[in-house]
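Peer 1: Show me how the following folds:
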Amino acid sequence: MNWLVFVCLLGWIYILTVLYRAKLNFWYYICGSVGLFIFSLILIEPYVVVPLQKAVSAVAGVIGGLTHLYDSYFQQGILFIQNGGTSLSLYIDFECSGVIEMLAFLALLWFFPVYDKYERVVVSMIGVMAIFFANVLRIFFICLLVHIWGIDMYFFAHTIFARILFYGCTVFLYFYVFTKPQIVRQKVGAFRYDSN
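Peer 2: From the prediction side, this is the model:
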């Protein structure tokens, strides 16, 4: 960690303490979430992206092996898809690993005021696993479409269909993690939705 990142990290922590003491909850949430995401990308992402690439490739490879649609070389993060006489190698790179989506989810969750610390830990684990398996599902459908309709289907499968599928799963997760608990736990006057 170089000195500039360290100084920015200290400045971010100081700003968070000021916003917390001033009870500016909205700005505390925004600054906390954005800052945590940025510092996670700088400090954590370099260490988790390669194991995550291999994990996505390995789990997707298990499904490919069971269905005989494609082969996995998870040590290199590569899936090998055959269609008739043609073949395609799909490399699970930084963007396909799901690390950005996981870090964004965690950054939003850890400053979300609805949950207590224990709930945040549990929801973090469940959310990361849900994003991981949504990403594996996305990779599987890319491979399935390329296997069935050939290499010409790759652009549509990867850029359109799989993204809609993955982000649909993510929206579903965000609804159950952020929107629904916020509605259920809100208090308006003497009326509450939840039953503590």
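Peer 1: What residue spans form the domains of the chain?
Peer 2: Following automatic domain parsing, the chain resolves into domains at 1-43, 47-185.
Peer 1: Please work out which of those domains is packed deepest.
Peer 2: Per-residue neighbour counts averaged over each of these give the maximum for domain 47-185, namely a mean of 17 (mean count of other CB atoms under 10 Å). To be clear about C-beta, it is placed using only N, CA and C from the backbone, and glycine gets the same treatment.
Peer 1: What's the mean pLDDT across that domain?
Peer 2: For domain 47-185, the mean pLDDT works out to 92.
Peer 1: how far out from the middle of the chain is that domain?
Peer 2: Between the mean C-alpha location of domain 47-185 and the chain-wide mean there is a distance of 8 Å, by CA atoms, centre = their mean, to the nearest Å.
Peer 1: What segments of this protein are strands?
Peer 2: Taking DSSP state E as the criterion, the chain contains strands spanning 70-73, 78-83, 86-91, 187-188, 191-192.
Peer 1: Other residues contacting the third one?
Peer 2: Right, the one you point to is strand 86-91. Outside strand 86-91, the residues within contact range by CB atoms under 8 Å, 6 or more residues apart in numbering are 70, 77-81, 139, 142-143, 146, 150-151, 154.
Peer 1: Among those, give me the pair with the biggest separation.
Peer 2: Farthest apart among the contacts of strand 86-91 by CB to CB are 77 and 150. That separation is 23.0 Å.
Peer 1: of the contacts of strand 86-91, closest to residue 30?
Peer 2: Closest to residue 30 out of the contacts of strand 86-91 is residue 139 (32.5 Å), distances taken as CB to CB.
Peer 1: how much space between that closest one and residue 24?
Peer 2: Plainly put, residue 139 is 41 Å away from residue 24 if you go by CB to CB, to the nearest Å.
Peer 1: Likewise for residue 186?
Peer 2: 19 Å.
Peer 1: Would you map the helices across this structure?
Peer 2: Secondary structure of the chain (DSSP state H): helices at 3-21, 25-43, 45-67, 99-110, 117-149, 154-155, 162-174, 180-185.
Peer 1: Tell me which other helices or strands the third one touches.
Peer 2: Translated: helix 45-67. If contacts are counted by 3 or more CB pairs under 8 Å, 6 or more residues apart in numbering; DSSP states H and E, helix 45-67 sits against strand 70-73, strand 78-83, helix 99-110, helix 117-149.
Peer 1: now the angle between helix 117-149 and it, please.
Peer 2: On the basis of axes from the mean of the first three to the mean of the last three CA atoms, to 10 degrees, helix 45-67 is oriented at 50 degrees to helix 117-149.
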